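**Q** return atomic coordinates for the entry below.
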Amino acid sequence: MMAPEDPPGFVVRTGAQKAAWDNGFRIERAIQSGWLHYGSTTAHGEIWIAGVSSHGPWLVSIDHPGVAAVLATLPPSPLTGPGLATFEFGSLTALHGALDRVYKLGVCLPDAPLARFRAQTARLPQTTEAERLVVQRIGQDIFRAALIDYWGGRCPVTGITDPALLRASHIVPWSECDDAQRLDVHNGLLLSALWDAASTRASSASPTSVPC
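**A** Numbers count the residues shown, from 1 in each chain. Got it, this is the predicted structure:
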């Protein structure tokens, strides 16, 4: 029966720490039953990493339900971990790639973009139209960055990855949303410029995309 190396040896501990640190999880917590526990100061959720041996496979368990739902297509682990969902990877390279995705989702899923927006605009005046436009632009930039992280920098329709050709499009128009809805990645699509224009035209709605 496959099980984490317990206690984890030097190679497993070093590999897990490097993977965690390189991908934004730099708060080290306790080691339990072979699982090395990490948190982050900038991403929601925590992770556990384990190695079956110094040669792998590697296991990652996560506790963020939103991240777990997005990553549902990854190969699951036959071993139950301490988090909500546990995944198995055959190499350190695959482990690093998965943790990069976990981190990016942790900083873009609700309510992280809204928290960043409030922090950046808390002391900005909004008396004049020009001042309100500055605040709006900050929100649009945060929303665009969050969508790029959420969709992995790729248009889900065309597969285009060139940032200059991608538009952050709201499903419910910006003008009809409150701040939470405006910055919710579930209210957006990262579309190529052509598909964004086509969807806007088809809906006969006012433009809602965020330009580059």
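**Q** how close does the residue nearest the centre of the chain sit to residue 98?
**A** In the chain, the C-alpha closest to the average C-alpha coordinate belongs to residue 105, at a distance of 1.1 Å (CA atoms, centre = their mean). Separation of residue 105 from residue 98 (CB to CB, to the nearest Å): 11 Å. All C-beta spots, glycine's among them, are computed from the backbone N, C-alpha and C.
**Q** touching both of the two, which residues are there?
**A** residue 71 (CB atoms under 8 Å, 6 or more residues apart in numbering).
**Q** before we move on, back to that, from residue 69, how far out is the residue nearest to the centre of the chain?
**A** In terms of CB to CB, residue 105 sits 10 Å off from residue 69.
**Q** from the contact counts, what lies against the longest helix that the chain contains?
**A** If you go by DSSP state H, the chain has its longest helix at helix 129-150. Using 3 or more CB pairs under 8 Å, 6 or more residues apart in numbering; DSSP states H and E, the elements in contact with helix 129-150 are helix 92-108, helix 112-121, strand 166-170, helix 179-182, strand 188-192, strand 209-210.
**Q** follow-up on the earlier one: quick check: neighbours shared by residue 105 and residue 69?
**A** Counting by CB under 8 Å, 6+ apart, nothing touches both residue 105 and residue 69.
**Q** contacts only, for residue 38.
**A** Contact analysis of residue 38 by CB under 8 Å, 6+ apart lists 20, 25-29, 46-49.
**Q** oh sorry, the question was meant for residue 53
**A** Counting by CB under 8 Å, 6+ apart, the residues that residue 53 touches are 5, 12.
**Q** kindly export stretch 21-40 (C-alpha atoms) in CSV.
**A** Provided in CSV are the C-alpha atoms of stretch 21-40 (Å, rounded to 0.1, in the frame of the first residue of the first chain):
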residue,chain,number,x,y,z
TRP,A,21,8.9,28.1,-1.4
ASP,A,22,9.4,28.6,-5.1
ASN,A,23,5.6,28.7,-5.6
GLY,A,24,4.6,31.1,-2.8
PHE,A,25,4.0,28.8,0.2
ARG,A,26,6.7,29.9,2.6
ILE,A,27,5.1,29.4,6.0
GLU,A,28,6.3,26.1,7.3
ARG,A,29,4.0,24.3,9.7
ALA,A,30,4.2,21.0,11.5
ILE,A,31,5.0,17.7,9.8
GLN,A,32,2.4,15.0,10.5
SER,A,33,2.5,11.4,9.3
GLY,A,34,4.9,12.2,6.5
TRP,A,35,3.0,15.3,5.3
LEU,A,36,4.9,18.6,5.2
HIS,A,37,2.4,21.4,5.9
TYR,A,38,2.8,24.9,4.3
GLY,A,39,0.8,28.2,4.2
SER,A,40,1.1,31.5,2.4
